[in-house]
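Peer 1: Prediction below, plus the sequence it came from.
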Number of protein chains: 2
Amino acid sequence: MRRRRSDRTSAPSPAEPAPIDPIDPDAVAGSVLAGDCIEVMRRLPAGSVDMIFADPPYNLQLAGPLHRPNNSRVAAVEDAWDKFPDFAAYDAFTHAWMAEARRVLKPQGTIWVIGSYHNIFRVGAAIQDLGFWILNDVIWRKTNPMPNFRGRRFTNAHETLIWAARDARTRYRFNYKALKRLNDGLQMRSDWLLPICSGPERLKDGEGRKAHATQKPLALLYRVLQAATAPGDLVLDPFFGTGSTGVAAKALGRRFIGIERDPGYVDLAMRRLAEAPETPDPKLLGGDGVEREPRIAFGLLVETGLLPVGTKLWDRQARHSVKVRADGLVETGRGRNAAFGSIHQMGVKASGGPSCNGWTFWHTRARNGTLTPIDELRRRLRAEMAEEPLTAAEEDAAEENAAGTDIPAPLSVTT
Amino acid sequence: MRRRRSDRTSAPSPAEPAPIDPIDPDAVAGSVLAGDCIEVMRRLPAGSVDMIFADPPYNLQLAGPLHRPNNSRVAAVEDAWDKFPDFAAYDAFTHAWMAEARRVLKPQGTIWVIGSYHNIFRVGAAIQDLGFWILNDVIWRKTNPMPNFRGRRFTNAHETLIWAARDARTRYRFNYKALKRLNDGLQMRSDWLLPICSGPERLKDGEGRKAHATQKPLALLYRVLQAATAPGDLVLDPFFGTGSTGVAAKALGRRFIGIERDPGYVDLAMRRLAEAPETPDPKLLGGDGVEREPRIAFGLLVETGLLPVGTKLWDRQARHSVKVRADGLVETGRGRNAAFGSIHQMGVKASGGPSCNGWTFWHTRARNGTLTPIDELRRRLRAEMAEEPLTAAEEDAAEENAAGTDIPAPLSVTT
DNA sequence: GGGTCGGCTGAATCATGCT
DNA sequence: AAGCATGATTCAGCCGACC
């Protein structure tokens, strides 16, 4: 039966969804919302959070109690929230919460989901089916995993995280340089070695038993947040548990919203968060270190006299050269072979590659033959413009580079 | 239209599947079968192979060319075999070949599938949907992965293998001890650190380019085969490629069947296998070092006089004791408290645990009070029966244990 | 012959802002 | 919205060339 428009003004029938009571994300930032995550997410506006971290039930399907060789019993995940009748039920649940998560995510946001081989393949397939675009799968290698007591399998020494963008071709955030610094100057890899959550960090109940079966280590959350968020970003965790995501967010100057169904965990997380430290100084948070430096047009080097008109520039093998023109372009050849263009365009011509960064391709040549990339001149100009004095080491380096070149010392610059 | 029975005797119509031409697995062991793996597997009898290793297409979905910072172009996987129109097509393909693989697998067999985040979640979900039972996901961590040239993601430094049994409750093979030895005496973990296939191992074509885009390192196959097969086992690889699985199988004394669609790869693999070394001495293959040992009934210790009837056995804390009976059982208590059973059953009774290994639970007690597990007696008996002299260290240990006990020196045994 | 240096390559879903 | 200009970006290992 087709509904007439006037029906809509009447009270909703039982078959219709309950009227949505909207939640203002900014108003609830920093708190834990009690309730089913699907229902709570429905009340959040679309495109309202920067990142989502989710640690959903693993659907462990343990056959029976497991005992160590000394016959002591292993404390397993036996909570009701981890029980699903079959894969279909788990898939339905996964699609449901993940569809809401995607709606709530900003177009340029990303989602992280952690799981084990029991559930991660269902989760990954659902992520792809819902239109997310996987960026990496990341392996958390445990330094101290539980051994395999029966000796029937490999020690299950890792868990898998999936990192995905909301859409295939969006501009997501990845703090590449920050993570490279965290990894001693090498690119951060997709395998992370971290201890499991134990010792004082592991929350206990009154009787000294672990308060939550699957509490994640803060170090894991730190790395996730540092990789994919900026200070001030809003992070959503729909399976908040003991609130590790919130603790990490607070420490890193990120905002968060936690959703948790179990009232006991809600209480626990709120008490934990009240005492969690907050980084007082935003400068300590770092960021990516690639906050855009002011753009410098090549022509400015000519105008400021750093590169006099007619100066010859060479590639690193000194096989190609161009001459600096007054209009900030460079030229090469004579007569019919003559050509001119930007440092980048002429770099493409000279190198034959598909693209070229002229700043690092072209060099000045000192009288003794030493080649210096013109990017070095740009760096010095930037330093002057910022009116920040060079460090002693930088001054030394600058003088050393300048010594014996045809290039005049940098001038004062006014924009 | 319903078909009448008599139709079946006539020549098959084009709509009917072609008549199956059966393949005898033993006859084709050690060779490469050319053709589509689904069609070829259909011709193999059900339950005919011990293990399957599969390296299916990853469905990479690469957008455009990628260049290194030095502008050289990355050689991508651009082969037609890796192209699928969408996830649905890939899923259908995956289900189809994997269903055949499961049929061909022995009930106690296992399957290994390798993939990356592009496909492994589809593969894992299909494995579960088809009734396989996942035993582990194993992470191949690459020592030397390709970097992320644009700094937009984590270095994709690993691939994932799924190891699954045909059914949930089958007795599959896992050479636990062999892998523990491979790992310096520690349990083998689910994360394996291995280099990618390069250098002389990497097959090249006439022009020095890689012969196959995705050749896997032999070390990876060695470990897989050592973990999950016994010498003489028949291993099937439905995506044989350059035949690394065959080379590893030949070296480890396993039999193999390779299936490969591309005639060029078939030729290449056959030539490679002809020159691949075969381990001549089966003793070098090792095995697990467990099931080679003959089973020793507890009663044999009584029959051989190693444990005279009436000897008292104690648990490690000397809190419980049993007496050895002539029939190879042990008994405890008197009158109404009397009970008897196997060393294992009585161990369960004494320890209160769910299970008990009587060989390590029960001990003989020397006059000076020293307790020695009866497993030590079994070990000495095994050594005699094998007529293999003990190593010097074993002799020392055995003597030390025997010194001052009530237990007579081992007798010569004839079975 | 040995050591050093530069070049090449590997299952890769690899850019962004302005006009 | 599409096109164009700018310019940011790599690690381990093998191999050959060259001292």
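Peer 2: All right, it came through fine.

Peer 1: From chain B, how far off is the residue positioned nearest the centre of chain A?
Peer 2: Taking CA atoms, centre = their mean, the centroid of chain A lies closest to residue A:228, which sits 1.5 Å from it. In this view, residue A:228 and chain B are 11 Å apart by CB to the nearest CB, to the nearest Å. All C-beta spots, glycine's among them, are computed from the backbone N, C-alpha and C.

Peer 1: And that residue, how far from residue A:42?
Peer 2: Note on residue A:228: its distance to residue A:42, by CB to CB, to the nearest Å, is 24 Å.

Peer 1: about what we covered before: so what's the residue nearest to the centre of chain A up against?
Peer 2: Taking CB atoms under 8 Å, 6 or more residues apart in numbering or on different chains, we find residue A:228 in contact with A:51, A:110, A:112, A:163, A:172, A:173, A:174, A:175.

Peer 1: In CSV, list these along with distance to residue B:71, secondary structure and pLDDT.
Peer 2: As requested, the contacts of residue A:228 are exported to CSV (distance: CB to CB, whole Å; DSSP: H, G, I helix; E, B strand; the rest coil; pLDDT from 0 to 100):
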residue, distance to residue B:71, secondary structure, pLDDT
A:51, 34, strand, 98
A:110, 30, strand, 98
A:112, 34, strand, 98
A:163, 29, strand, 98
A:172, 26, coil, 97
A:173, 27, coil, 96
A:174, 23, coil, 97
A:175, 26, coil, 96
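
Peer 1: Pull the most distant pair out of those.
Peer 2: Greatest spacing in these, by CB to CB: A:112 and A:175 (14.0 Å).

Peer 1: Those two: who's more crowded?
Peer 2: residue A:112 (25 against 21; other CB atoms under 10 Å in any protein chain shown).

Peer 1: For that one, which non-adjacent residue is closest in space?
Peer 2: Ranked by CB to CB, 6 or more residues apart in numbering or on different chains and with sequence neighbours excluded, the top spatial neighbour of residue A:112 is residue A:53, at 4.8 Å.

Peer 1: what do you get for residue A:174?
Peer 2: residue B:152 (6.0 Å).

Peer 1: so who does the closest residue to chain B within the stretch 251-400 of chain A touch?
Peer 2: Per CB to the nearest CB, residue A:353 is where the stretch 251-400 of chain A lies closest to chain B, at 3.2 Å. Residues near residue A:353 by CB under 8 Å, 6+ apart: B:67, B:71.

Peer 1: How many neighbouring residues does the residue nearest to residue A:112 have?
Peer 2: 28.

Peer 1: Let me know the next secondary structure element after whichever strand or helix holds it.
Peer 2: Secondary structure assignment for residue A:53, by DSSP states H and E: strand A:49-54. Next along the chain after strand A:49-54, taking DSSP H and E as the criterion, comes helix A:87-104.

Peer 1: so, in contact with DNA strand C or not, that next one?
Peer 2: No. Using CB under 7 Å from any atom of the strand, helix A:87-104 stays clear of DNA strand C, coming no nearer than 14.5 Å.

Peer 1: what mean pLDDT would you report for that helix?
Peer 2: Averaging pLDDT along helix A:87-104 yields 97.

Peer 1: Name the residues that touch that helix?
Peer 2: Contacts for helix A:87-104 (CB under 8 Å, 6+ apart): A:37-38, A:41-42, A:44-49, A:52, A:54, A:56, A:59, A:84, A:111, A:113, A:119, A:122-123, A:126-127, A:129-132, A:166, A:236, A:238, B:128-129.

Peer 1: how about 7 Å then?
Peer 2: A:37-38, A:41-42, A:44, A:46, A:48-49, A:52, A:54, A:59, A:84, A:111, A:119, A:122-123, A:126-127, A:130, A:132, A:166, A:236, A:238, B:128-129 (CB atoms under 7 Å, 6 or more residues apart in numbering or on different chains).

Peer 1: who does residue A:193 bridge with?
Peer 2: residue A:141 (DSSP bridges).

Peer 1: Verify the contact between it and residue A:141 for me.
Peer 2: Yes. Counting by CB atoms under 7 Å, residue A:193 does reach residue A:141; the two are 4.7 Å apart.

Peer 1: what sits against residue A:268?
Peer 2: Residue A:268 neighbours (CB under 7 Å, 6+ apart): A:203, A:211, A:242.

Peer 1: That one falls within a helix, correct?
Peer 2: Yes. Using DSSP: H, G, I helix; E, B strand; the rest coil, the assignment for residue A:268 is a helix.

Peer 1: where do the strands sit along the stretch 201-350 of chain A?
Peer 2: Ranges of strands within the stretch 201-350 of chain A are A:234-237, A:255-260, A:312-314, A:321-324, A:330-332, A:339-341, based on DSSP state E, counting those that start in this stretch.
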